[in-house]
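**Student:** I'd like to go over a predicted model; first the sequence, then the structure.
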Number of protein chains: 2
Amino acid sequence: MEINKNLFLVNAAGRKVPEYVNGIRQTPYAGVGVHLPSGQKYGPPVASCVNYPADGNKLLPDLGTALLKAGLRDGVVISTHHHFRNGDLIAQQIFDFAHAMGFKNLVWAPSASFDCHKSLIPYLEDGTIHHIEGSMNGPLGIFTSQGKMQGMGVLRSHGGRYQAIQDGELRIDIAVIAAPAADAFGNATGDRGQAACGLLGFALADSRYATAVVVITDNLVPFPCVPWQIQGNDVDFVVVQQQIGIAEKIVSGTTEITKSPDRLYIAELTARFCDEAGIVKDGFSFQSGSGGTSLAVTHYLAGIMRRKQVKARFVRGGSTKYLVQMLEEGLTDYILDGQTFDMEGVRSMRENERHVNTSPFTSYNYHGKGNFSSMLDLAILGATEVDLNFNANVATHSDGLLLHGIGGWQNCLFAKCVILPVPLFRDRIPVIKDEVTTLCGPGELIDVVITERGIAINPLRHDLIDRLKNSKLPLRSIQVLKAEADALCGVPEKPCFTDRAVAVVKWVDGSTIDTIWQIEQQ
Amino acid sequence: MEINKNLFLVNAAGRKVPEYVNGIRQTPYAGVGVHLPSGQKYGPPVASCVNYPADGNKLLPDLGTALLKAGLRDGVVISTHHHFRNGDLIAQQIFDFAHAMGFKNLVWAPSASFDCHKSLIPYLEDGTIHHIEGSMNGPLGIFTSQGKMQGMGVLRSHGGRYQAIQDGELRIDIAVIAAPAADAFGNATGDRGQAACGLLGFALADSRYATAVVVITDNLVPFPCVPWQIQGNDVDFVVVQQQIGIAEKIVSGTTEITKSPDRLYIAELTARFCDEAGIVKDGFSFQSGSGGTSLAVTHYLAGIMRRKQVKARFVRGGSTKYLVQMLEEGLTDYILDGQTFDMEGVRSMRENERHVNTSPFTSYNYHGKGNFSSMLDLAILGATEVDLNFNANVATHSDGLLLHGIGGWQNCLFAKCVILPVPLFRDRIPVIKDEVTTLCGPGELIDVVITERGIAINPLRHDLIDRLKNSKLPLRSIQVLKAEADALCGVPEKPCFTDRAVAVVKWVDGSTIDTIWQIEQQ
């Protein structure tokens, strides 16, 4: 029986989602904590020392040789990590080689993509790459939204990516792991070398579960390369080349606190809210991003902590000099870091045993025996849109275009208090909608929306409402905030979509929470 | 069709091995590097955060509650680690509880057993424990040799245990991991606390692959417990109790260099041999055990290194104060440590980033993409018997009794030069035999036998013979050494066995290399 691969279902969030994605049957989103996995974790093929050099020397002359030995052929799934961010040089090299060799229908499974990867668009156009499982940022997102990608894109959170690889939903044939330091056996670390990026946690799942693993480095060190963030016992081949990333784009150094008075005010409101809600107390924990507003929240929180003489047990990063300063000042016992954003973060991780490197396995994987994100007292997150039910969007903009990956955003929604500090409007487009363009996170997990014109607490959080009842903070209903923005900006027209699904958004448990639709071209 | 489970095959080493062990079909040993695995690694059941407390608190009131919640029932496989050595209190507690609850036919899968575990013999007798997969040391070995264990024992090397768990040959239902420090989420470390034992590497496979994982500690610390040698994301339940091990038996402090003049002479010969063979040079690596003779070899090697101003790249432990001193003195860049034997080892591992904790996965697993043991320039190992073909035995004595586990011994045979410094006889029993009682390691992997009356180089090692051709060291053939011992002691009678197999010895690739036979009772 031929299966009808154009069927759509309506999931528990009321969203229309495809029954099949790239020929694989999907589990539609069933609600928070409803879907329970069955079956066993994926087991990659059993290896044997018989097939590896006894002296531990796995060096090959170049990446192309390694890719061929790793089994490069039509249709394979190739993964890369995004610790080099906009300075990545490896994805391009991989697909340049694959294209030159004439391979087709490859799947690229990056842990995230960046603007620099727009140069892969020709390979998406000519069929070298069939589709992307990962994030489709900026130009790749627009390309996807325009319906130009051959297969369907799959967006996953960092934790969802680990889950999918662990559970065998995303089977990686060849993982290419760029490493700022490695030995010839394949032990690798990110915390030192000219391309130092801190840690390599986003490549952990790839190293453990891919059929073939290639480590590529510009900094070969004698065995043993320690700390072995990636273990050579999982690695097939090692390649050395002159440059693996553009250092100044790996760690930009421009991650600074916002200077915008509005954003600073939102950040200050957020910190005050946390204080009044009783969150800022000895032993608490929080995670805040590396955007200008988030960093400002961290700055204000640190101020409150100093004044109240409060010490956090741990803060989660994306680390920057601001978190490092908190650690060194004694405002927190630990940084549990998933990604380092500046050289101070890299230095601290290398030197300070209390600056601990983590991975999506420890921090985010929903199909583990717990993870760190639900233990957080506070998560400060962003959003492109929020709706009246506190549902939020981080992937598409209000014009319907896919522009961002999900990162750890979905995973952090399990923190005890989730706050979205967002401007009421951006470029005269209101952020609060009747309904989000794309559902990335269910409103029941989002507790507070903080704008420059007021704070809306999710009505489900009676406890927070109760604790803030005598507050002088500008508490409003989300409906009032929306009305205010609409009055100022008008309600923009909804984007026009075709009925073609171009990508899906996965929930943390592997189910399909929403669909990205092809944008109607004018 | 009823399968005949009493069949025996003759393997490639000419040894008679059972076709089935405890109902499971075996792969007979096919030679070094011959058997190639097929299939996938074992995948334990997929977990979900839905089933774990969001606040990360996995504490249960006591071990019994944890065992029941972990699924304790008739026939399950329960594992423990041996980092507490003769100070272990946990295995006893587990089986006391299981016995009190009336459970039967359990399998105990320790990473090793010690004399203290003789107290489990009543549970082997009454059917609480069906058999042991691990090591059967001392009293448990004698019990096994006497044919009193209900099922068949399975002896594996440390690497073979990791391989068997990874490959799904040994499926652990419940792993109980005693931890000198842990948090309520299950992150655990061995390098601090009143029961500090250094590392927990022998429990790594258990934590990753067991269906249910219980961490038990006498030292609960606030989350996060770092370094997380065991990751809480793999752990189901955490139990706190007053004492988990007898500290003075965990780290005995009696691991000292031999004072026997004969053994010291053997050790000195060994070190001189290594020097003349050109092994002791800048950047070399070695592994030596913690027995008195091995420590003496380390001592003499260190002397040569000082004199020649040679620095090792890494030494492998079992670490003791002697290795720590070498590290701190700058005689080696790294200690890659699998087990700490004294408090200096524990301190060094905790404080010195160049004292790296390893696991059987990194060091020994033959079904990985290489491992560290084949990269060693030199391994100094023991043996109860060696035969004229350099085959060696570490499990049984010449009287046929099973008395020792294999430890990392088989795994270390893959080092570039394997030397057995052994006395020519022990208690007037010659060590060199026509044929070993039990084959644990094939002679082709054993390069040199060094006794107080001469050194025998394996004729296969033309290179070594060539390098030593002008040496003044007492080089002899192994036949000459044997004749000398036999002349002094006489050839003892062979032990008498029944035709009942009581245990098997696995090779590093999971195949069956030899059988332990029931001893004929007088």
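**Tutor:** Good, I have the coordinates.
**Student:** can you map out the helices along the stretch 201-350 of chain A?
**Tutor:** In the stretch 201-350 of chain A, the segments counted as helices under DSSP state H, counting those that start in this stretch are A:204-209, A:247-250, A:261-276, A:292-308, A:321-329, A:343-351.
**Student:** export those as CSV, with columns for distance to A:V46 and mean pLDDT.
**Tutor:** Every C-beta, even on glycine, is put in place using the N, C-alpha and C of the backbone. Shown next, in CSV, are those (distance: least, C-beta to C-beta, whole Å; pLDDT from 0 to 100):
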stretch, distance to A:V46, mean pLDDT
helix A:204-209, 13, 98
helix A:247-250, 35, 85
helix A:261-276, 50, 97
helix A:292-308, 44, 96
helix A:321-329, 41, 96
helix A:343-351, 34, 94
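**Student:** any idea which of those helices is most buried?
**Tutor:** Highest mean neighbour count of those: helix A:204-209, a mean of 25 (counted as mean count of other C-beta atoms under 10 Å in any protein chain shown).
**Student:** could the helices of the stretch 201-350 of chain A be laid out in TSV, adding distance to A:A456?
**Tutor:** Listed next are the helices of the stretch 201-350 of chain A as TSV, based on distance: least, C-beta to C-beta, whole Å:
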stretch	distance to A:A456
helix A:204-209	37
helix A:247-250	38
helix A:261-276	11
helix A:292-308	17
helix A:321-329	27
helix A:343-351	33
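**Student:** do you know which of those lies nearest B:M349?
**Tutor:** Counting by C-beta to C-beta, B:M349 lies closest to helix A:343-351 out of the helices of the stretch 201-350 of chain A; the figure is 18.6 Å.
**Student:** could you point out which element follows that closest one?
**Tutor:** strand A:355-357 (DSSP states H and E).
**Student:** what does that following strand rub up against?
**Tutor:** A:191, A:198-199, A:201, A:227, A:229, A:319, A:324, A:327, A:334-337, A:345, A:348-349, B:224, B:226-227 (C-beta atoms under 8 Å, 6 or more residues apart in numbering or on different chains).
**Student:** can you list the strands that that strand pairs with?
**Tutor:** In the sheet, strand A:355-357 lines up against strand A:332-340 (parallel) (DSSP bridges).
**Student:** what's the average pLDDT for the partner strand?
**Tutor:** Averaging pLDDT along strand A:332-340 yields 96.
**Student:** buried residues in it?
**Tutor:** By neighbour count on 16 or more other C-beta atoms under 10 Å in any protein chain shown, the buried set for strand A:332-340 is A:T332, A:D333, A:Y334, A:I335, A:L336, A:D337, A:G338, A:Q339, A:T340.
**Student:** CSV for these, including distance to A:A112?
**Tutor:** CSV is the format used below for the buried residues of strand A:332-340 (distance: C-beta to C-beta, whole Å):
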residue, distance to A:A112
A:T332, 26
A:D333, 29
A:Y334, 25
A:I335, 21
A:L336, 20
A:D337, 16
A:G338, 12
A:Q339, 10
A:T340, 15
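**Student:** in the residues you listed, find the pair that's most separated.
**Tutor:** Farthest-apart pair in the buried residues of strand A:332-340 is A:D333 and A:Q339; separation 20.1 Å (C-beta to C-beta).
**Student:** run a quick neighbour tally on the residue lying closest to A:Q287 once chain neighbours are set aside.
**Tutor:** In this structure, A:Q287 finds its nearest non-sequential neighbour in A:R316, 3.6 Å apart by C-beta to C-beta, 6 or more residues apart in numbering or on different chains. A:R316: 26 surrounding residues under other C-beta atoms under 10 Å in any protein chain shown.
**Student:** isn't A:R316 up against A:L376?
**Tutor:** Yes - A:R316 is within contact range of A:L376, at 6.5 Å (criterion: C-beta atoms under 8 Å).
**Student:** how far off centre is stretch A:117-124?
**Tutor:** Relative to its parent chain, stretch A:117-124 has a centroid offset of 21 Å by C-alpha atoms, centre = their mean, to the nearest Å.
**Student:** please enumerate the shared neighbours of A:R316 and A:L376.
**Tutor:** A:S285, A:F286, A:Q287.
**Student:** beta-bridge partners for the second one, please?
**Tutor:** Read that as A:F286. Bridge pairing for A:F286 - DSSP bridges - gives A:V315, A:L378.
**Student:** quick one: contacts for it?
**Tutor:** The contact partners of A:F286, by C-beta under 8 Å, 6+ apart, come to A:C274, A:I279, A:L301, A:A312, A:V315, A:R316, A:L376, A:D377, A:L378, A:A379, A:I380.
**Student:** hmm, A:L376 is touching A:F284, no?
**Tutor:** No - counting by C-beta under 8 Å, A:F284 is not a contact partner of A:L376; they are 9.1 Å apart.
**Student:** quick check: phi and psi at A:L475.
**Tutor:** With angles defined as degrees, to the nearest 10, A:L475 sits at phi -80, psi 130.
**Student:** can you name the residues bridging to it?
**Tutor:** For A:L475, the beta-bridge partners under DSSP bridges are A:I455.
**Student:** so it sits against A:R467, correct?
**Tutor:** No - the criterion here is C-beta under 8 Å, and A:L475 misses it with A:R467 at 11.3 Å.
**Student:** tell me the contacts of A:S48?
**Tutor:** B:L36, B:P37, B:Y366, B:H367, B:D509 are the contacts of A:S48 under C-beta under 8 Å, 6+ apart.
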